[in-house]
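Chemist: A structural model of the following input is requested.
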Amino acid sequence: MAYLVLNKGEQSLINTWLGGASGGGNSVPGAIVYVALGAKTGGIGSDKSVNNGTNQTTTLAEIGQTTPNGYARQPLNRNGGGATPNWPLASLVSNSYQSTATQVTFTFSGSPNLNGATLWFVALSSTINAVDALFGADLSTTRTFANGDTEKVTVTYRQT
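Modeler: Below is the predicted model:
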């Protein structure tokens, strides 16, 4: 599975860790981050400058961009183990720190347009197609959705 910290994610890490920025803004997460589903031809790849857009050939295209049919970005509280779903504090695993968030579930009331998710990503806002993807990874297979379908995603971040 390819995994990539995008430019917005790098900016967020630097602004938060080194710059001391906190609480929302263009690149700094507020109390909540959001898990989203998207598609990109060839997978997440290695182009960390890719941004959200509508064309999955050249951009990270979020599913449900014109017809969500139940799709919505799912919230993750940044509270280190408080209210769920949440993003817990990191722990040392095999000489690298990692954190695994609480599983989130996407529920569909019909086929979204764009359909055919190939990846998940973590974003700053709940707005579909906002240009705010921080990092993401490929799904194991392409997923297409219809009425009554669900998709469960468990996000892990591991610094290697």
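Chemist: From here on, just use CA atoms for contacts and neighbour counts.
Modeler: Fine.
Chemist: hey, where'd the strands end up in the chain?
Modeler: Listed in chain order, the strands of the chain (DSSP state E) span residues 3-5, 32-39, 52-53, 60-62, 74-77, 91-93, 96-100, 104-107, 117-123, 133-143, 150-153, 156-158.
Chemist: Neighbours of Thr107, how many?
Modeler: Neighbourhood size, Thr107 [other C-alpha atoms under 10 Å]: 18.
Chemist: so it bridges to which residues?
Modeler: Counting by DSSP bridges, Thr107 forms beta bridges with Thr150.
Chemist: How about Thr67?
Modeler: Beta-bridge partners for Thr67, by DSSP bridges, are Asn113.
Chemist: Could you do Tyr157 as well?
Modeler: For Tyr157, the beta-bridge partners are Ser99 (DSSP bridges).
Chemist: Same question for Phe135.
Modeler: Here Phe135, judged by DSSP bridges, has bridge partners Val5, Val122.
Chemist: Next up, the contacts around it.
Modeler: Tyr3, Leu4, Val5, Leu6, Gly9, Phe121, Val122, Ala123 (C-alpha atoms under 8 Å, 6 or more residues apart in numbering).
Chemist: gap between it and Ser99?
Modeler: Counting by C-alpha to C-alpha, to the nearest Å, the separation of Phe135 from Ser99 is 14 Å.
Chemist: Could you dump the contacts of Phe135 into JSON lines with neighbour count, distance to Ser46 and pLDDT added?
Modeler: Output for the contacts of Phe135, formatted as JSON lines (neighbours: other C-alpha atoms under 10 Å; distance: C-alpha to C-alpha, whole Å; pLDDT from 0 to 100):
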{"residue": "Tyr3", "neighbour count": "19", "distance to Ser46": "8", "pLDDT": "63"}
{"residue": "Leu4", "neighbour count": "18", "distance to Ser46": "7", "pLDDT": "75"}
{"residue": "Val5", "neighbour count": "22", "distance to Ser46": "9", "pLDDT": "79"}
{"residue": "Leu6", "neighbour count": "22", "distance to Ser46": "9", "pLDDT": "72"}
{"residue": "Gly9", "neighbour count": "23", "distance to Ser46": "14", "pLDDT": "76"}
{"residue": "Phe121", "neighbour count": "25", "distance to Ser46": "14", "pLDDT": "92"}
{"residue": "Val122", "neighbour count": "23", "distance to Ser46": "17", "pLDDT": "92"}
{"residue": "Ala123", "neighbour count": "28", "distance to Ser46": "18", "pLDDT": "91"}
